[in-house]
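S.K.: this is a predicted model, with the sequence first.
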Amino acid sequence: MSHVRVVASAGTLIIIGALVLSACGGSSGGETSHAASGSLSSPGLYGKLPPQGTATHGGTITYGQLNGQTPNYIFPIVPSGNAGVYTFQWQQAMYLPLYNNFPYGGSPGVNYNLSLANKPVFSNGDKTVTVTLKQGYKWSDGQPVDAQDLLFDIALIKAATAESAANWSSYTPGYFPDSLASVSATGPDTVVMQLKRAFNPGFFLNNQLALNLTPLPSRSWNVTSAGGPHVDWKVPANAKKIYDYLGKAGGQVGTFGSNPLWKIADGPFVLTSFSPVTSSWTLKANPSFAGSPKPYIDSVQGVTYTGITPQLNAMRTGELDVGSIDFSQLASVSGLKTQGYNVFGYPDFGWAGVIWNFKNTTGHFDKIISQLYVRQVMAMLVNEPAIIAGIYHGAAGLAYGPIPSVPKTPYAPANAVNPPYPYNPTKAVSILKAHGWHVVPGGTTTCADAGSGANQCGAGIPTGTPLSMTWYTETAASGPYIPLTDEAVTSEAKQAAGINVQLNQKTFNYIASNLNVADPSVAKYNNTWGVENFGGYTDNGYPTQNAIFNTGGSYNSGGYEDPKMDAVIERSVYGTDPNAVTREASYEAVALPALFLPNYDLIYAISNRVGGDPKSYLALTQFGFWPQFWWVNKK
Amino acid sequence: MIGYIIRRVLVAILITIGIAAITFELLHLMSGSPVHEVLGRGAKPVQVAAWNKQHGYDRPLVTQFVSYLGNLAHLNFGYSYKQGQSVAALFRENAARSIYLSGSALLLSLAIAIPLGIAQAVKRNSIGDYTMTTLTFVLYAMPPFFLGIILIDVFALHLHIFPPLVPTSQTSLGQALIHPRDYVLPIATLTAVNIASFSRYMRSSALDNLAQDYIRLARAKGLSQRAVLYRHLLRNACLPMITLVGLSIPDLLAGNLLVEVLFNIQGLGLLFFNALQAGDYPILLAYTILGGILTVLGNLMADIAVTVADPRVRI
């Protein structure tokens, strides 16, 4: 289960609905060592990470956020409608996750230093999971953080999801909390979960336990109204009332800064102000935070800008310490560097690409696209280095499958680096010819030899059938990069191999709502589209494409069906093989259930006024927000 | 007059309902529900269904519309599910700065464009007229966003006279008034663009009036040029401006999105654009309806103002 992502926009409003989840595998390392320069031949870090600098204590760091990318919900059980990644990263500065679901550094992975619990222990054939919370953590009101707080969180999640599936954005039927047969505290800091069926431990840790489980103050938040009495949350009816109260208060942005509920935090920071007008906020160091390191700075301020231009201008005048940069602004980067900013970019962990429609019978497209060689031909016509240089100005990484080679992860298969179908128009044309197509570069390629033989077009493709497809891409309103990339790919396909693509632009909502063969209510569109591009998906920490590429998966919007794919995904989710997800990704890069495109960077500029572990800044490219590692440099 | 106003108000109500119906239909034609804009493509089917139910998007369209009109009658514009606030609260929070920005620019541009237009008409075909015509054409053709960038580059980033953006901490009109320097560049941007348009209308109208008999008569009576211009020409030449200003009233609500974005002003234009991106239907509906109301009101006010300014006009 992954989340859709939307490419960073050149406009003012960037909506990133993606939620990055973490993976096991510990800390990331080595990112800075291969800090290249956006070189296409050695993809890696774009630009230069800020140096560590010399620490001081005190001061304030300003953190830029764009309109539409601001937190809008403070209660950690976040409803689907509020599940922006910027809400989650902000919450985790105040309320520590059971297991961190944003990376520290550039590589996904649970970092137990940032988590409230130690590494979970799987036993009983992976059906029993024992979680031990670290000792010594306290809430701001002096209460200890313990096993009851985790059980309180789970009780409220159960109440929330029982009320509505939309009440908890992390909810997937069959997974947490449905996956629990029982859960109980066997000690003050120990929680034992009995599962209904065994999951692959990597999947359960990263994609269920780390999926926004956040111990909550069970002795303070067990109320059903402001100033009301404390009630027994173990009674389901009470849990529902508590959830109803906290859930409602959690969305009232006007009271975020003043509601005493939200002052009780166990994280490194606590909220002191929040503007309902701009969604700007101030987090102050939490003196009761027991983790390490303690914040160096007194406070971090989230400053909202109306768009990328004023944010860049704020940096040009030295008013903003940490801010994002759009691809279109890379030309201004040299000026920013002379003003003392370090600019760097790194791809978000996930994949960008297009989905084929295997159910579209118009023009026998279903028969054409179900031929693996056709998908291979399309992959060979994608000139990733040219797209990266021309459209992303070098700030993107080569990607040939759902797990890219960058960010560096323990999951990347060998073919993430050595693509099975590298760019080669000549070979693409020869493959088509070898399968009975009459190739007319720049014209219309048609099937000349119908039949299902090895050197024929394929079953169900009559002679004379043109090799064409209807391709839906996003409008440029939310950023020109997706339509520009699609235009580059389709133009190459036409010129090199005579593949005719009807390129249509539609809004994200139109594509997401209507072009989805997995949704029976929009079946009338199934024969209208051959290819769709809505941006791709951000991978979870454990990057299985479960539900995206398996038969009947709820996000399998192109209707891809392949028994072998089903089997490899099944092993990723329910098997015991720790390398299952790597094998799955390797097969996906070969089988091409989607056409994978370059994985674009998230780019940040950091003022030399501030310092800290470079990894904590690199984490920003993965939506990790760890200001406890930041400081104001000694002058 | 009162009967006329009542009739116009009644028509305005009908127009508003019509606007609401069309906007409602258009939004639902784009997509029956904004659920995927809000939840993203990754939303699970059960969550999509639950969200639609929570927000009433599972009901028939007519039922949704009637329910919306009922709320509207109680001045309830709905609740923004993306921003966690009522639409009315969001408008209250953002309107003052937008009106300050647009209103200041409107007044300033009138104060400059009217005498400028008259001066150009009086000195028509002079070097000064040609110069100003060229300048106003350049400004007229220039997108406000581009002009704003130039002003920022020159006056903020190079000369350091004015700040390049309005600080995010300024969230009230009071703060804006206390720090007028912060608004100089955005107001100047809008003013320059308005002047370009208004002064052309004013010049044209003044030219027409200067050729009229009453001006010739005034001059024949021996009135000074100053008296001719101020006592006779000004009021008559301004009549088209009244209509122009009336039509620009809706701009107070929406007209300055690009300038708001460029200068970091959290205003109504930006609120609308955000809502458009996020599929925040309640804000979009309220915005369009208010835009319609302001357009109708602007027209009505212009009509009334014209009758006051010109006794020959009767309504």
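M.R.: On my side now, so go ahead.

S.K.: going forward, measure contacts between C-alpha atoms and count neighbours the same way
M.R.: Fine.

S.K.: check contacts around the closest residue to chain B within chain A.
M.R.: Nearest residue of chain A to chain B: residue A:166, at 4.3 Å (C-alpha to the nearest C-alpha). Residues near residue A:166 by C-alpha atoms under 8 Å, 6 or more residues apart in numbering or on different chains: A:79-81, B:46-48, B:50-51.

S.K.: one more: residue A:586?
M.R.: A:401, A:413-416.

S.K.: can you verify it is assigned to a helix?
M.R.: Yes - counting by DSSP: H, G, I helix; E, B strand; the rest coil, residue A:586 is part of a helix.

S.K.: give me the neighbour count for residue B:142.
M.R.: 14 (other C-alpha atoms under 10 Å in any protein chain shown).

S.K.: residues contacting it?
M.R.: residue B:193.

S.K.: name the element residue A:386 belongs to?
M.R.: Element membership for residue A:386 (DSSP states H and E) is helix A:384-390.

S.K.: using PDB, list the CA coordinates for that helix.
M.R.: Output in PDB follows, covering the C-alpha atoms of helix A:384-390 (Å, rounded to 0.1, in the frame of the first residue of the first chain):
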ATOM      1  CA  GLU A 384      15.500   9.300 -18.900                       C
ATOM      2  CA  PRO A 385      18.800  11.200 -19.000                       C
ATOM      3  CA  ALA A 386      17.400  13.700 -21.500                       C
ATOM      4  CA  ILE A 387      14.200  14.100 -19.400                       C
ATOM      5  CA  ILE A 388      16.200  14.600 -16.300                       C
ATOM      6  CA  ALA A 389      18.500  17.200 -17.900                       C
ATOM      7  CA  GLY A 390      15.900  19.000 -19.900                       C
END
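
S.K.: okay, buried residues for it please.
M.R.: For helix A:384-390, burial by neighbour count (16 or more other C-alpha atoms under 10 Å in any protein chain shown) applies to A:384-385, A:387-388.

S.K.: format those as JSON lines; extra columns: distance to chain B.
M.R.: As requested, the buried residues of helix A:384-390 are exported to JSON lines (distance: C-alpha to the nearest C-alpha, whole Å):
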{"residue": "A:384", "distance to chain B": "25"}
{"residue": "A:385", "distance to chain B": "28"}
{"residue": "A:387", "distance to chain B": "25"}
{"residue": "A:388", "distance to chain B": "25"}
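
S.K.: low-confidence ranges, the chain, go.
M.R.: Assuming you mean chain A. Along chain A, the model assigns pLDDT under 70 to residues A:1-43, A:477-478.

S.K.: sorry, should have said chain B
M.R.: For chain B, the stretches with pLDDT under 70 are B:31, B:40-42, B:253-255, B:314-315.

S.K.: okay, which residue is most central for it?
M.R.: Residue closest to the mean C-alpha point of chain B, counted by C-alpha atoms, centre = their mean, is residue B:251 at 0.5 Å.

S.K.: that residue: what's it in contact with?
M.R.: Residues near residue B:251 by C-alpha under 8 Å, 6+ apart: residue B:102.

S.K.: and if we set it to 10 Å?
M.R.: Contact analysis of residue B:251 by C-alpha atoms under 10 Å, 6 or more residues apart in numbering or on different chains lists B:98-99, B:102-103, B:106, B:245, B:257, B:269, B:291, B:294-295.

S.K.: need these in JSON lines (columns: secondary structure, neighbour count and distance to residue A:133).
M.R.: Output for those, formatted as JSON lines (DSSP: H, G, I helix; E, B strand; the rest coil; neighbours: other C-alpha atoms under 10 Å in any protein chain shown; distance: C-alpha to C-alpha, whole Å):
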{"residue": "B:98", "secondary structure": "helix", "neighbour count": "25", "distance to residue A:133": "51"}
{"residue": "B:99", "secondary structure": "helix", "neighbour count": "21", "distance to residue A:133": "54"}
{"residue": "B:102", "secondary structure": "helix", "neighbour count": "25", "distance to residue A:133": "56"}
{"residue": "B:103", "secondary structure": "helix", "neighbour count": "17", "distance to residue A:133": "58"}
{"residue": "B:106", "secondary structure": "helix", "neighbour count": "24", "distance to residue A:133": "62"}
{"residue": "B:245", "secondary structure": "helix", "neighbour count": "19", "distance to residue A:133": "67"}
{"residue": "B:257", "secondary structure": "helix", "neighbour count": "22", "distance to residue A:133": "50"}
{"residue": "B:269", "secondary structure": "helix", "neighbour count": "25", "distance to residue A:133": "48"}
{"residue": "B:291", "secondary structure": "helix", "neighbour count": "20", "distance to residue A:133": "55"}
{"residue": "B:294", "secondary structure": "helix", "neighbour count": "21", "distance to residue A:133": "59"}
{"residue": "B:295", "secondary structure": "helix", "neighbour count": "19", "distance to residue A:133": "61"}
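
S.K.: who touches the strand or helix carrying residue A:379?
M.R.: Assigned by DSSP H and E, residue A:379 belongs to helix A:372-380. Applying C-alpha under 10 Å, 6+ apart, the contact partners of helix A:372-380 are A:356, A:368-369, A:381, A:400, A:419-432, A:435, A:457-458, A:467, A:489-490, A:492-493, A:497, A:499, A:590-597.
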